[in-house]
Each structure stands twice: as structure tokens, then as C-alpha cells.
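Chemist: Fold the following.
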Amino acid sequence: MLEDIYAETKENMDKSIDSLKRDYKTLRTGKVSTSILDGIKIDYYGTPTELNQVASVLAPDATTIVISPWEKQLVSDIEKAINEANIGVNPNNDGEAVKLFFPPMTVEQRKETAKHAKTMTDNAKVAIRNVRKHSNDRVKALHKDKEITDDENKKALDEIQKITDGYVAKADETLKVKEQEILTV
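Modeler: Numbering: from 1, shown residues only. A predicted model of the protein is given here:
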């Protein structure tokens with residue numbers, strides 16, 4: 001039963017790290033990524049639909065994204081959705097496709113983005129600690145109900161803390177890699 005708690009703890013902490021990595025994809029680094037458009041939806045025949053479901057989204061170079069809709073009448077809808085999403089660039093509509101030209105990032109923008117990445121990491125660490133608290137509560141409940149001994153209780157709490165420390169270190173490591181990517185010109 002303690003092994004189940006450990007496994008569930010690791011699984012939930014893995015989810016926190018995966019969520020952190022997904023959040024990082026929304027940040028702009030030196031090279032533009034099409035994932036900056038994730039979450040932008042357009043009205044497609046009355047249904048809010050992800051941009052990549054109605055158009056091909058490509059990054060032909062480090063500062064440009066080209067969105068080519070499969071149906072040409074969607075060009076203006078895509079342009080409007082990108083304007084509303086406020087991602088920091090104005091879309092250029094040439095009648096066939098929407099092009100986004102990202103200026104090179106300034107040093108201040110890079111530092112601000114790195115700060116934002118740190119905030120995301122701190123939020124992930126809070127989520128990891130919440131998982132730890134939930135697992136500790138479950139162990140303490142088992143101890144209170146006399147299903148485990150005092151020694152097993154202490155060992156279990158120590159093991160959960162070790163798991164937590166490992167995942168906090170993993171979050172810090174992902175932040176270090178992301179900061180390096182953001183701050184490299």
C-alpha cells in the first residue's frame with residue numbers, strides 16, 4: 001500500500017513537470033516556435049477550432065511564421081484571432097496566407113521572458129509540494145488507523161520527501177536549460 005502511494009506520488013509529480021514543459025513552449029525564445037500559437041482558436045462553422053486544425057502552420061526561418069489556411073475564406077478570421085490573442089506581433093494578410101514577422105528579441109525582452117519562465121517553474125514546484133502534502137496526509141492516515149507502524153510511517157515520509165526533492169531538482173534543471181535557450185542570442 002505504501003508502494004502504491006509512492007507510485008501515485010511520482011506519477012502526479014511527472015504530470016507537474018510535463019505541464020511545466022508545455023507552459024515553456026508558449027514562451028518566445030530567440031527562434032520563433034509555432035507553439036506560440038497553441039491555444040488560439042478560430043470560429044470554424046460555429047465551432048471554436050485550434051488554428052493547426054484548419055491551416056498549416058510553419059516557421060520557415062527564425063523570425064517568421066506562415067499560416068496557410070486550407071480554406072481561403074478563413075484568412076481574415078485567422079488574422080482577427082491572432083490580433084485578439086495579443087502575442088506581440090501584427091499579422092500580415094496577403095490574401096492567401098497570414099504571415100507573422102517577429103523582430104529579434106532585445107536583451108530586456110529576454111530577461112523578462114526568463115523571469116516569466118522562473119515564475120512558471122515556481123508554480124510547478126508548488127504543485128509538486130501539494131502532491132507531497134497529499135501523499136504525506138495519506139501516510140499519516142494509515143498510521144493513525146494503525147495500518148502501519150511508527151517506523152514505517154517515518155520511512156514513508158522520508159521516502160516521499162526524497163521523491164519530492166528529486167522532482168524539485170528536475171524542475172530547476174528544466175529551468176536552467178530553458179533560461180540558457182532564452183538568453184542565448
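Chemist: Which strand or helix spans Y167?
Modeler: Assigned by DSSP states H and E, Y167 belongs to helix 150-183.
Chemist: Looking at that helix now, give me its mean pLDDT.
Modeler: Mean pLDDT, helix 150-183: 94.
Chemist: So which residue is smack in the middle of this protein?
Modeler: Of all residues in the chain, the one closest to the mean position by Cα atoms, centre = their mean is D23, 1.6 Å from it.
Chemist: Helix or strand: which one has the residue nearest to that residue when sequence neighbours are not counted?
Modeler: Counting by Cβ to Cβ, 6 or more residues apart in numbering, M120 is the residue found nearest to D23 once chain neighbours are left out, at 4.7 Å. Every residue, glycine included, has its C-beta placed from N, CA and C. Assigned by DSSP H and E, M120 belongs to helix 107-144.
Chemist: tell me the SS of the residue of the chain positioned farthest from its centre?
Modeler: For the chain, the residue at maximal distance from the C-alpha centroid (Cα atoms, centre = their mean) is K146, at 40.9 Å. Reduced to three states with DSSP: H, G, I helix; E, B strand; the rest coil, the structure at K146 is coil.
Chemist: give me phi/psi at it?
Modeler: K146 adopts backbone torsions of phi 60, psi 30, taken as degrees, to the nearest 10.
Chemist: Look up how far I5 lies from it.
Modeler: If you measure K146 against I5 using Cβ to Cβ, to the nearest Å, the figure is 17 Å.
Chemist: same question, K99
Modeler: Taking Cβ to Cβ, one finds K99 at 52 Å from I5.
Chemist: residue contacts, K133?
Modeler: Contact analysis of K133 by Cβ atoms under 8 Å, 6 or more residues apart in numbering lists nothing.
Chemist: Then N136?
Modeler: 157, 160.
Chemist: next one: the one 4 residues further on
Modeler: With contact set as Cβ under 8 Å, 6+ apart, K140 has these partners: N153.
Chemist: One more: the one 5 residues further on?
Modeler: Under the criterion of Cβ under 8 Å, 6+ apart, D145 has no contact partners.
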